[in-house]
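Q: One predicted model, sequence on top.
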Amino acid sequence: MKSLYLIIVVSLFDLTAVSQNFNAGISAGLPKGETRDHFSYNLTAEVNYLWKISEIFEGGILTGYSYYFENETGDQAYGSMSYLAIATAGRFNLCKRFIIGLDIGGTIGISGIDINEGLYFVPKMQYNITDSIGLVIAQRLLVYDVVYGSARDVVSFGLEFRL
């Protein structure tokens, strides 16, 4: 019976250690450049899992859903757009509260005109308010046509929660 209790306690400590590297975030963004002509704003939700590589670097995987709301004041209707991002995530802990990061990967188009897939590139800065909540500012770039340079560019502000 004692060994059963020991296994349960060790398992709970193991789950607690693993869950500290799991993060979820939500952000709202304002389109830049030509993206502003077609879309009024953007909402993004994402989750990532990071492994501690060294004292100052964490690396991992990320997935997220992003939705661009149609700008109805434009001349031509494009409709809304959404995609699923799948990327690698890197974070440099400059100090206890300030982190810079970069997410690079690909996207799968879910809805929208002429959007199938693209390159996902997101440099970001994060300030941790507490050990479990951080403020994030990021520039989200989705390049979906390399030949013609077509992209969706958004500056986003949000919160990230360490679960």
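A: Sure thing, it's come through.
Q: the strands in the chain, which residues?
A: Counting by DSSP state E, the chain has these strands, from start to end: 22-31, 39-52, 57-70, 81-93, 98-111, 117-128, 133-145, 150-162.
Q: what stretches of this protein score poorly on pLDDT?
A: Under the criterion pLDDT under 70, the flagged ranges of the chain are 1-20, 74-78, 113-116, 145-149.
Q: residue closest to the middle of it?
A: Glu46 (4.7 Å; C-alpha atoms, centre = their mean).
Q: which residues touch stretch 71-88?
A: 31, 36-40, 46, 59-70, 103-113, 115, 118, 120, 122, 142, 152 (C-beta atoms under 8 Å, 6 or more residues apart in numbering). (C-beta placed from N, C-alpha, C; glycine too.)
Q: nope, stretch 126-140 is what I was after
A: Under the contact criterion C-beta under 8 Å, 6+ apart, stretch 126-140 has outside partners 25, 27, 29, 42, 44, 66, 91, 96-101, 120, 122-125, 152-163.
Q: Output it as PDB - backbone C-alpha positions only.
A: These are the backbone C-alpha positions of stretch 126-140, laid out as PDB (Å, rounded to 0.1, in the frame of the first residue of the first chain):
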ATOM      1  CA  GLN A 126       6.700  39.500 -23.400                       C
ATOM      2  CA  TYR A 127       6.700  41.100 -20.000                       C
ATOM      3  CA  ASN A 128       5.600  38.700 -17.200                       C
ATOM      4  CA  ILE A 129       3.300  40.500 -14.700                       C
ATOM      5  CA  THR A 130       3.400  37.400 -12.500                       C
ATOM      6  CA  ASP A 131       4.900  33.900 -12.700                       C
ATOM      7  CA  SER A 132       1.800  32.700 -14.600                       C
ATOM      8  CA  ILE A 133       0.600  35.800 -16.600                       C
ATOM      9  CA  GLY A 134       2.500  37.700 -19.300                       C
ATOM     10  CA  LEU A 135       1.700  40.700 -21.500                       C
ATOM     11  CA  VAL A 136       2.700  40.000 -25.100                       C
ATOM     12  CA  ILE A 137       3.200  42.300 -28.100                       C
ATOM     13  CA  ALA A 138       3.900  40.600 -31.400                       C
ATOM     14  CA  GLN A 139       4.100  41.200 -35.100                       C
ATOM     15  CA  ARG A 140       2.300  38.300 -36.900                       C
END
